[in-house]
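> Give the three-dimensional model of this entry:
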Amino acid sequence: MRKSTIILALVLLLGATGIWLNTKSAGLERETSAAVRNSKVAPLVNYQAPAFELKSIDGTQTYRVGGERERPVLINFWASWCGPCKLEAPDLVKIYAKYQSQLDMYAVNVTSTDSKKDAQAFVDEYGLINPILMDLDGSVFGAYNGMAFPTNLLIDKSGTIRKLYIGLRPASQIEADIQELLDEK
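Residues are numbered from 1 along each chain as shown. The predicted model follows:
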């Protein structure tokens, strides 16, 4: 019994030390100037979005992200077999229909976990009207440290990631964040 108490105390001490070190390093990061933070490339909020170039599902157009752009962009990483992606698809169609004159929206199919045939069936079934891009080898999803579907990123005109949504989010939250970004001067 005494041995298990000592082990428990050590585990708690190590956990507390880890939390303290993490908090200390987070404080150092907060002190970093915005100019330095925004000059880095990382798939994190307040950092520049990793640059990429992908072809459309029909192969006729190439779309680019990275650096300054004429208008903000919402990037949606998805797969046809993803249940939450199916749930959010109708909402994204409505959001794009409403904001397409002010916002670019790219639906990036991570084809390395899917198939082009299934992706096209998904697009047809849900009536996606925004550009559908194909990440054939998953390298773009990897560059964004993708770990779950859906993953959505809202990127401003300077190329800075403003919002990162991992997993399903209410459409009202995404729309409010889009409107807030568009309202900035």
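> Following the helix or strand of the chain with the lowest mean pLDDT in sequence, what is the next regular element?
Taking mean pLDDT, DSSP states H and E as the measure, the chain has helix 34-39 as its least confident helix or strand, at a mean of 40. Sequence order places strand 52-55 as the next helix or strand after helix 34-39, per DSSP states H and E.
> What are the buried residues along stretch 67-77?
Arg69, Pro72, Val73, Leu74, Ile75, Asn76, Phe77 (16 or more other C-beta atoms under 10 Å). Every C-beta, even on glycine, is put in place using the N, C-alpha and C of the backbone.
> contacts for that stretch?
48-49, 51, 65, 88, 92, 95, 102-108, 110, 135, 141, 144, 146, 149-159, 162, 174, 178, 181-182 (C-beta atoms under 8 Å, 6 or more residues apart in numbering).
> quick one: which of these sit in helices?
Residues of the contacts of stretch 67-77 located in helices (DSSP state H): Glu88, Leu92, Ile95, Phe141, Ile174, Ile178, Leu181, Leu182.
> The first one and Lys116: what is the separation?
The spacing between Glu88 and Lys116, counted by C-beta to C-beta, to the nearest Å, is 21 Å.
> okay, these two: which has more neighbours?
The neighbour comparison of Glu88 against Lys116 (other C-beta atoms under 10 Å) goes to Glu88, with 25 against 14.
> List the contacts of the more buried one.
Asn76, Pro150, Leu168, Arg169, Ala171.
> Domains of the chain: list them as residue ranges, please.
Per the record, the chain has its domains at 2-31, 40-183, by automatic domain parsing.
> out of these, deepest packed?
Using mean count of other C-beta atoms under 10 Å, the stretch among those with the greatest mean number of neighbours is domain 40-183 (a mean of 17).
> shaky segments in the chain?
Applying pLDDT under 70 to the chain flags the ranges 1, 3-42, 185.
> swap the cut-off to 90 and go again
For the chain, the stretches with pLDDT under 90 are 1-44, 185.
> Could you pull out the strands in it for me?
52-55, 62-65, 73-78, 104-109, 132-134, 151-155, 161-166 (DSSP state E).
> Let's have the ones you listed in CSV, adding distance to Ala121.
Shown next, in CSV, are the strands of the chain (distance: least, C-beta to C-beta, whole Å):
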stretch, distance to Ala121
strand 52-55, 19
strand 62-65, 21
strand 73-78, 13
strand 104-109, 11
strand 132-134, 12
strand 151-155, 21
strand 161-166, 25
